[in-house]
Structures are given as structure tokens and as C-alpha cells.
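In: Would you be able to build a 3D model of this:
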Amino acid sequence: MFGSIAFLLFLAGCASKGSQEPFFDYQSEAAQGAESTSAKAGSRGEQPKDGSASALLGNSQVGPNYKVNPTVVSNGRYNIYTFETERGNYTVTGDALARKHIQELTALEALKAYSPTAEFVHGAGDAVTGPVKGVFTAVTNPAGASKATYANVERQAKSVQRGFSKAGEFVTTLGKPEKWQPSREDEDLIDKLVDRQKEKRRLAQALNVDPYTHFVPLSNELTKMASYSATGTFSVKRALGFVSGGAGTVISGIGFVDSFTTQTIDMAPDEISAVNRERLQKLNISDSTIKKFLLSDKLTPTERTLAVGYLTGLSGVAGLENIVAFIAESPTRHDAFFALQTLSYLSAQPFGSGPVAHAEIVHGIPIFSFGDSKKIALLTSDQLFWTPPNASQLSSLGEAPRGNGGGAPNREIWVSGGISDLAKRQLQRQGWVVKANIFSNSRWLI
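Out: Here you go, the predicted structure:
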């Protein structure tokens, strides 16, 4: 029986996905966020300037399995990088996501350089008995199966309770239970039986990538390698012997989050979804917004968990529902990711103006209020140009609510990256105090 399970696991982890698979598994992006805004401000403005990949990426412009086009175009707000690989060419929007993707390509190259297939074929017969017998041991001798801490036992107990709850819901809904996570995060029976996702998380952590990466080629390779490891053919430590350089961690520099958030990141996707749902409910976020947030495929389970951790740190702020909805309704992967970066930045309490009193979204831009009058708008960008769409969106901020005293509030706009001279002058004319490159020295960004 165990040999049959091993063979099934081998097939499930190594089956060909076909030559037409997409590069990324989130839904196709809509029009670029900054470009989709109606240009009601008229045609006056400036054209965004192209950047240089070598200047922006340095030696990382070229790697063993990729090359970035020398010219980096801008949509007026974010840089757009064109990656050339043996699988084809595609674009990645945003400096931070481009650097993140280069790490994914580096990890993919490392994994492709090591193939334990032959070892698996020779040793698969009984190799799977270890993890499967572990399941039976935990059932028949739970006291001796592990030396878990109270917190771990409590977490496992809650997991079992959720499992029974799901089973009951499956029956009462005639096999169509309500979904609380994207389909890409569903686990099959084999995954759960041998805990392949746990092996995948361990491997991804050492490679400094997200185990739930949207990059399909890397996700497939992580799954395949985790399948070998889950069968007991070899350990993750052994598999990582071929990785050059020091091991990193995908959650380094994650900002100020509580220990429970970091523990949640190491759970299975369905457990992550359940915990995040409970935590958001405690923040009085409506179920409709929670569901929209959890079902969004623009962030990974890791990233959504970090977002919930950051939000928990802002629990005394009014208007958190606006922030959750803002992330959940992000039309593109880069919009969602940079909204997460905004929360990561806020976790360091950078304002120095006392605690945030209220959060709102005005024309697609988060604005945070302090006391009776001060307002700070946080705008993410690599380099902000005064293009017609940007002019329209930013000019609309002049319609933001005034202070309680009826006078003009003390208004500041903080831009994560650079800003053109024209854009800065125009914002100053509208009464904004402008601060640029606010993310450049922050070590708390994801």
C-alpha cells in the first residue's frame, strides 16, 4: 500500500503541466492602474521617462536563466521590466516586484540544477512509510507522537475542530461548501497525507522565496522537490546542499508583526485562511469584505497573513475596513503588493505625529488622519510623473474632507519613490507638503 502511495505522490509532484502554462497564476491584469484613470485633467502634463535596467538592477540585470531588457519603460508611476527567458518573454511591474522575481528565478535555477529523480525511483518502494506511519502513530499514540508545546497542541486541536466543521458544511451544502480561499491554494488528499506543503515551505524558506509563489515554473519545481522530500527519499537539508550562498528567509524584513502572525505563516493554506478570517472578524471587518480579501488571488497566503498582522497592529484605528477593501479590490498584482508594502511601512509607525486616528481611501489613495486636522496621503510609486491620469487622480485629492474646524487641514503627501519636478510643483500648488523616497531607508518593507 505504501509503495502505491509513493508512486501516486511521485506522479502528482512530477506530472507535466503542459507547454502552454502561464507564467503567473493570478488572473490577467486589467489596464495598468495609473493609466486607467480618466484623464479629466486634460492633456497637459509630461511623458514618463524610460529607465535603465543596469542602473536600476546593477549586476542582477542578467542571470543564468534570464535577461532583463536594457530599457525599462514607465507607466507614469511604476517601472515595467521585460524579462527574457528560455520559456518566453513577459513583464513585471514595479521595482520591488522585479527584485522579488529575480530571487524567484535564482531559486528556480538552483532547483533545476539538482534532480533526485533517479534516487526516488530506486528508493520509493518503502520510503513513504515514514511519513504515512507517522500519521498512524499520531492517531494511535498521540501522547508519544510528539513533544509539542501547549500552543502547538491548542493549534492542532483548533485545526481538528475546523476539519469537522468543514466536513459538516460539506454535507449540509450538498458538496458545495462556501469558499474562503482561491482555488490555487486548495490541497489534495496526498498533500495532506504526507504534509507535502510543509516540505515545500521549508524548502522555499531556505531559498528565500514565497512557498505560494505566483510564478508557475518555480511553484511546480518546489512541488516536485517537496514530493521527493515528503516520501522520505531525502531530506530538505540534503536537497539544499546544492544551493549556493547563505540561506535566507522569505519573511526577513517583514515589519513589526506579532509572533502569532509568524506562526500562522507556517500553517497550511486552509489553516491560514481560517486564522486570518478569525482575526479580521475580531477587528470588526464585515464578512463580505473578509471574503473578498481572502478570495483575492493577487496576494499569496503568506502576504495576506502579513497584511492581517499589520492590520492587527493598527487595531485602534477607525476605518480599517476601508484598508482591507482597498487591498481586496486591487485590480492588479502590483497594486495589491504595493498596498501591502504601505501596511508594512505603517507597522514601523513612521509618522511621528501620534497614533493614526482614521484611515480612508480617497480616489484610490490611502489617507491617514491625526487629531482634528493633519492628514497624510501615502502614494506608492517608483518614480511619479505628472501624466494626465496621475494629474487627474492627484488633483481629485483636493476634494478630500476638511478638518473638523472647517479650515484647510495640514496636508502632506508622502511618495514611496521618486517624483518629477513638475509633479512636485503641481502638488505644492494644490497645498500639499511633499515628501519623496520615504521607503528608501525603511528596513521594514516586505
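
In: ok, what's across the strand from the closest residue in space to Asn410 that isn't next to it in sequence?
Out: Distances taken as C-beta to C-beta, 6 or more residues apart in numbering place Lys374 nearest to Asn410, at 4.4 Å, with adjacent residues excluded. C-beta coordinates here come from the backbone N, C-alpha and C atoms, glycine included. Assessed by DSSP bridges, Lys374 has beta-bridge partners Phe370.

In: Pull up the per-residue confidence for Lys374.
Out: pLDDT for Lys374: 87.

In: again, but for Val317
Out: On the pLDDT scale, Val317 gets 93.

In: Phi, psi for Arg77 please.
Out: The phi and psi values for Arg77, taken as degrees, to the nearest 10, are phi -140, psi -40.

In: so it makes contact with Ala391?
Out: No: counting by C-beta atoms under 8 Å, Ala391 is not a contact partner of Arg77; they are 11.8 Å apart.

In: Show the pLDDT at Ile265.
Out: On the pLDDT scale, Ile265 gets 87.

In: what about it, how many residues close to it?
Out: 23 (other C-beta atoms under 10 Å).

In: repeat for Gln349
Out: Using other C-beta under 10 Å, the number of residues around Gln349 comes to 15.

In: That one belongs to a helix, doesn't it?
Out: No: going by DSSP: H, G, I helix; E, B strand; the rest coil, the assignment for Gln349 is coil, not a helix.

In: and the gap between it and Leu207?
Out: 32 Å (C-beta to C-beta, to the nearest Å).

In: show me where this protein has strands.
Out: 51-52, 62-63, 66-68, 71-74, 79-85, 88-93, 358-362, 365-370, 374-379, 383-384, 411-415, 418-419, 433-435 (DSSP state E).

In: quick one, which of these is nearest to Thr300?
Out: When these are compared by C-beta to C-beta, strand 88-93 sits nearest Thr300, at 15.3 Å.

In: strand partners of the closest one, parallel vs antiparallel please.
Out: Strand pairing for strand 88-93, using DSSP bridges, gives strand 79-85 (antiparallel).

In: how about the partner strand: buried residues?
Out: Buried residues in strand 79-85, counted by 16 or more other C-beta atoms under 10 Å: Asn79, Ile80, Tyr81, Thr82, Phe83.

In: Kindly report the same for stretch 268-281.
Out: Here stretch 268-281 shows Ala268, Pro269, Asp270, Glu271, Ile272, Ser273, Ala274, Val275, Asn276, Arg277, Arg279, Leu280 as buried, counting by 16+ other C-beta under 10 Å.

In: how many neighbours does Thr312 have?
Out: Residues lying near Thr312 (other C-beta under 10 Å) number 18.

In: excluding its backbone neighbours, what's nearest it?
Out: Thr312 sits nearest to Arg279 (C-beta to C-beta, 6+ apart), 6.1 Å away.

In: From Glu109, how far off is that neighbour?
Out: 37 Å.

In: For Ser52, list each beta-bridge partner.
Out: Counting by DSSP bridges, Ser52 is bridged to Thr71.

In: Let me know the pLDDT of it.
Out: The model's pLDDT for Ser52 equals 97.

In: That one contacts Val72, doesn't it?
Out: Yes: taking contacts as C-beta under 8 Å, Ser52 lies within contact range of Val72: 6.7 Å.

In: The two: which is more packed in?
Out: Set Ser52 next to Val72 and count neighbours by other C-beta under 10 Å: Val72 wins out with 22 against 11.

In: Return the residues in contact with that one.
Out: Asp50, Gly51, Ser52, Ala53, Leu56, Asn79, Ile80, Tyr81 (C-beta atoms under 8 Å, 6 or more residues apart in numbering).

In: Would you quantify the distance from it to Asn276?
Out: 35 Å.

In: dump the residue contacts of the residue lying closest to Ser286 once chain neighbours are set aside.
Out: Excluding its sequence neighbours, the residue lying closest to Ser286 (C-beta to C-beta, 6+ apart) is Glu321, at 6.4 Å. Neighbour list for Glu321: Asn284, Ile285, Ser286, Thr289 [criterion: C-beta under 8 Å, 6+ apart].

In: Helices along the stretch 151-300 of the chain, start to end?
Out: Shown for the stretch 151-300 of the chain, the helices assigned by DSSP state H, counting those that start in this stretch span residues 189-194, 196-206, 216-230, 236-239, 259-265, 269-282, 287-295.

In: For the stretch 301-446 of the chain, which segments are assigned as helices?
Out: Using DSSP H, counting those that start in this stretch, helices in the stretch 301-446 of the chain cover 301-313, 320-328, 333-346, 388-395, 421-429.

In: Now those in JSON lines, please, with extra columns for mean pLDDT and distance to Trp414.
Out: Shown next, in JSON lines, are the helices of the stretch 301-446 of the chain (pLDDT from 0 to 100; distance: least, C-beta to C-beta, whole Å):
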{"stretch": "helix 301-313", "mean pLDDT": "94", "distance to Trp414": "17"}
{"stretch": "helix 320-328", "mean pLDDT": "96", "distance to Trp414": "16"}
{"stretch": "helix 333-346", "mean pLDDT": "93", "distance to Trp414": "9"}
{"stretch": "helix 388-395", "mean pLDDT": "94", "distance to Trp414": "13"}
{"stretch": "helix 421-429", "mean pLDDT": "96", "distance to Trp414": "11"}
